[in-house]
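1. Quick one, what's the 3D model for this:
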Amino acid sequence: MNHELFIARRMALNGERQKGSPSLTVALVGIVLAVVVMILSIAIVMGFKGEITGKIMNLDAHLRVTNAALGIDDNYATVNGREVKEAIAADNSFMPLIESMSLVADKSAILKTDEDFMGIIMRGVDEGYDFGYLQSQMIEGQSPAVSDTASGNQIAISKTVADRLKLHAGDKVLTYFIDNNIKVRNLMVTGVFETDLEAFDNAYIIGGIGIVQGVNGWHGDMGTQVAINLKNTSDLEGDSYRLYSLLAESTVQHESKNLFIVTTTHQNNLPFFAWLQMLDMNVVIILTLMMIVAAFTLISAMLMIVLERIRIIGNFKAMGATNGSIRRIFIYLTGKLILKALIIGNVIGIGLALLQRYGHIVRLDPTAYYMPYVPITLSIPALVLLNVGIIVVSYLTLLGASHIISTIKPTATMRFE
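-> So this is what the prediction gives:
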């Protein structure tokens with residue numbers, strides 16, 4: 001049996017029956033708080049990243065196929081949806097990766113009521129568009145029935161637009177499309193959604209692509225982009241390159257004049273993902289600071305344990321124990337404090353995280369944080385890595401702090417009171 005561990009256990013049993021040292025209690029509380037803060041920091045940041053990334057991925061296409069001349073002129077920079085879909089369907093390896101594919105047409109417009117007006121972007125989509133997420137965000141009514149003909153007039157609007165224009169599901173609103181001529185459509189609101197993603201809620205209304213095609217005088221295969229959602233988003237950059245390659249090959253084979261470009265949702269929403277990367281840096285800073293706090297707390301705890309048992313150290317040395325052996329005894333002894341702090345810290349940290357996850361106690365301003373409450377994501381691998389990291393840092397800290405034992409002389413400790 002490891003004799004240092006045996007002695008450490010006996011010392012703990014014989015010395016802990018009396019009232020514990022206040023300094024060790026403070027050290028225990030300090031380490032527990034550090035563990036709780038680290039667990040909550042990781043859970044909150046993972047929650048923010050997961051929620052916001054999920055919103056963006058559901059509201060914007062994973063891959064977007066557009067004309068290279070997009071933005072020059074609506075009637076020139078169009079995408080032929082049939083041409084794109086046929087090129088993709090010809091590739092037997094890429095087609096199985098696709099979950100949904102939709103021809104999309106965006107056009108600026110103005111919504112006008114008797115009391116107010118508002119500039120928006122009308123996003124027309126065809127039957128391939130996945131309304132699953134948007135339907136889950138409906139607070140009134142339902143998703144519009146999209147149509148590939150100009151006769152469709154149903155739209156869904158955000159709560160921001162509905163509140164400003166005082167609209168509800170079932171109301172009709174005049175929509176002005178401004179091109180070379182002003183064209184007016186009387187559209188019916190079928191639903192009101194709230195995604196809390198201000199960039200989307202303030203800008204877009206959703207309806208059938210036939211509305212935009214009718215205004216622009218386009219045939220049924222024309223749009224401004226083909227939106228593609230994939231079953232697996234782990235390699236968007238690689239999938240983007242593959243799609244671009246097969247479209248370029250198809251363009252050459254059919255001698256098409258269109259030059260397609262393919263962009264990912266990350267490229268199309270850089271501000272959001274840049275902000276999420278900044279959150280990662282904040283977590284690194286918090287974890288570093290908490291590790292430093294825990295390390296200094298452990299050093300203080302080690303010193304207190306050594307000082308309270310300084311005569312025992314002298315006796316060990318007088319009996320021939322080496323400095324290394326005595327250091328291991330006190331590392332084992334202090335390890336009990338670390339283990340206790342880890343257990344308490346994990347219980348409190350995970351408990352608070354679960355309370356917030358299911359109770360939504362801490363609320364947020366959706367206009368600033370894109371969601372109404374602090375999101376929480378608990379990851380078992382992340383928790384395991386965190387605890388392993390704490391144990392490693394603690395062990396290294398104790399190795400350094402235990403060198404003080406080598407400076408203690410037996411002749412001095414025998415007289416120590």
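2. Quick test: name the residue nearest the centre of the chain.
-> Here the mean C-alpha position of the chain is nearest to the C-alpha of Lys49 (CA atoms, centre = their mean), at a distance of 1.0 Å.
3. Where does it fall, secondary structure wise?
-> Secondary-structure element containing Lys49, defined by DSSP states H and E: helix 22-59.
4. Would you map the strands across this structure?
-> For the chain, the strands defined by DSSP state E occupy 63-67, 79-80, 98-112, 117-125, 138-141, 154-158, 172-178, 182-193, 204-208, 222-223, 225-230, 260-264.
5. And the last one, what's buried?
-> Looking back up the chat, that one is strand 260-264. Of the residues in strand 260-264, those buried by neighbour count under the rule 16 or more other CB atoms under 10 Å are Phe260, Val262, Thr263, Thr264. Glycine gets a C-beta too; all of them are placed from N, C-alpha and C.
6. For the first one, list each beta-bridge partner.
-> In other words, Phe260. The bridge-partner assignment for Phe260, based on DSSP bridges, gives Asn67.
7. low-confidence ranges in the stretch 301-417 of the chain?
-> Applying pLDDT under 70 to the stretch 301-417 of the chain flags the ranges 307-310, 312-321, 323-324, 401-417.
8. Could I get the full set of helices for it?
-> Under the criterion DSSP state H, counting those that start in this stretch, helices of the stretch 301-417 of the chain are mapped to 310-318, 323-359, 366-369, 380-401, 410-413.
9. Looking at those, spot the one closest to Tyr241.
-> With CB to CB as the criterion, Tyr241 lies closest to helix 380-401 of the helices of the stretch 301-417 of the chain, at 29.5 Å.
10. still on that earlier bit, what would the buried residues of strand 260-264 look like in JSON lines with pLDDT?
-> JSON lines is the format used below for the buried residues of strand 260-264 (pLDDT from 0 to 100):
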{"residue": "Phe260", "pLDDT": "86"}
{"residue": "Val262", "pLDDT": "93"}
{"residue": "Thr263", "pLDDT": "93"}
{"residue": "Thr264", "pLDDT": "94"}
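11. between those residues, which is closest to Arg242?
-> In terms of CB to CB, no member of the buried residues of strand 260-264 lies closer to Arg242 than Val262, at 9.0 Å.
12. and the nearest residue to the closest one once chain neighbours are set aside, what is it in contact with?
-> Leaving aside its sequence neighbours, Val262 sits nearest to Tyr244 (CB to CB, 6 or more residues apart in numbering; 4.3 Å). Under the criterion of CB atoms under 8 Å, 6 or more residues apart in numbering, the neighbours of Tyr244 are Phe260, Ile261, Val262.
13. List the buried residues in stretch 274-282.
-> Of the residues in stretch 274-282, those scored as buried under the neighbour-count criterion (16+ other CB under 10 Å) are Leu276, Leu279.
14. Likewise for stretch 116-124?
-> Buried residues in stretch 116-124, defined by neighbour count with 16+ other CB under 10 Å: Met118, Ile120, Met122, Arg123, Gly124.
15. so the last one makes contact with Ala105?
-> Going back to what we said before, that points to Gly124. Yes. Gly124 is in contact with Ala105 according to CB atoms under 8 Å; the separation is 4.4 Å.
16. So for the two, which residues contact both of them?
-> By CB under 8 Å, 6+ apart, the residues touching both Gly124 and Ala105 are Ile209, Val212, Gln213, Gly223.
17. out of those residues, which is most surrounded?
-> Neighbour counts for these were taken using other CB atoms under 10 Å; the highest belongs to Ile209, which has 32 neighbours.
18. Quick check: pLDDT value at that one.
-> On the pLDDT scale, Ile209 is placed at 92.
19. residue contacts, it?
-> Leu103, Val104, Ala105, Gly124, Val125, Asp126, Val146, Asp148, Gly223.
20. so the second one sits right up against Val226, yeah?
-> Translated: Val104. Yes. The pair formed by Val104 and Val226 meets the contact definition of CB under 8 Å, at 7.1 Å.
21. Look at these two and report which has more neighbours.
-> Here Val104 and Val226 are compared on neighbour count by other CB under 10 Å; more neighbours surround Val226, at 28 against 24.
22. Pairing partners for that one in the sheet, please.
-> Judged by DSSP bridges, the bridge partners of Val226 are Val65, Leu103.
23. For Glu127, see how far away it is.
-> With distances taken as CB to CB, to the nearest Å, Val226 is found 14 Å from Glu127.
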